[in-house]
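Student: Need a 3D model of the following:
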Amino acid sequence: QVQLVESGGGLVQAGGSLKLSCAASARAFSSSVMGWFRQAPGKEREFVAAISRNGISTYSTDYVKGRFTISRDNAKNAVYLQMNSLKPEDTAVYFCAARSGLRLGRVVNDYEYWGQGTQVTVSS
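Tutor: Prediction:
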């Protein structure tokens, strides 16, 4: 089982940057595909980005490409989401998730383990 704890959220002005971190329990982290999702008030949880077990392959949704970057450090059992050029519509609770296997999952049901989330608020 993988336990996940997100941090790094906060309030930022439009155009600003934030870096989210997700600390994972040591067990099974390096064998897990990791993903970031977000959920805005009144909306469903949506996929943001995913990264392979070795960090070489990544995939992100179109609306964050060129602005957000997912990365991981297996030595530190951590995954990150660097968010640049933030927009008010990026406001949401951001969740870290983990799944076994090799495929970079893109939907909620692909992932087995979830963190509690961290709030990101972008003001205009």
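Student: Can you report how many residues lie near the closest residue to Arg99 other than its chain neighbours?
Tutor: Distance criterion Cβ to Cβ, 6 or more residues apart in numbering; nearest residue to Arg99, sequence neighbours excluded, is Tyr111 at 4.5 Å. Just so you know, the C-beta spots here come from the backbone N, C-alpha and C atoms, and that holds for glycine as well. The local packing of Tyr111 (other Cβ atoms under 10 Å) involves 22 other residues.
Student: Over to Glu6?
Tutor: Residues within reach of Glu6, counting by other Cβ under 10 Å, total 22.
Student: The residue nearest the centre of the chain in helix, strand or coil?
Tutor: Residue closest to the average C-alpha location in the chain (Cα atoms, centre = their mean): Trp36, at 2.3 Å. Here Trp36 is recorded as strand under DSSP: H, G, I helix; E, B strand; the rest coil.
Student: check contacts around it.
Tutor: Listed by Cβ atoms under 8 Å, 6 or more residues apart in numbering, the contact set of Trp36 reads 20, 22, 48-50, 70, 79, 81, 94-97.
Student: ok, back up a step: can you tell me how far the residue nearest to Arg99 is from Phe37?
Tutor: 8 Å (Cβ to Cβ, to the nearest Å).
Student: any common contacting residues for those two?
Tutor: Ala97.
Student: what helix or strand does Pro41 sit in?
Tutor: Assigned by DSSP states H and E, Pro41 falls within no helix or strand.
Student: Tell me how many other residues crowd it.
Tutor: Burial of Pro41 is recorded as 7 neighbouring residues (other Cβ under 10 Å).
Student: Can you give me the distance of it to Leu11?
Tutor: Where Leu11 is concerned, Pro41 sits at a distance of 15 Å (Cβ to Cβ).
Student: What ranges does the protein have for its strands?
Tutor: Ranges of strands in the chain, per DSSP state E, are 4-7, 10-13, 18-24, 33-39, 46-51, 58-60, 68-73, 78-83, 92-99, 113-114, 118-123.
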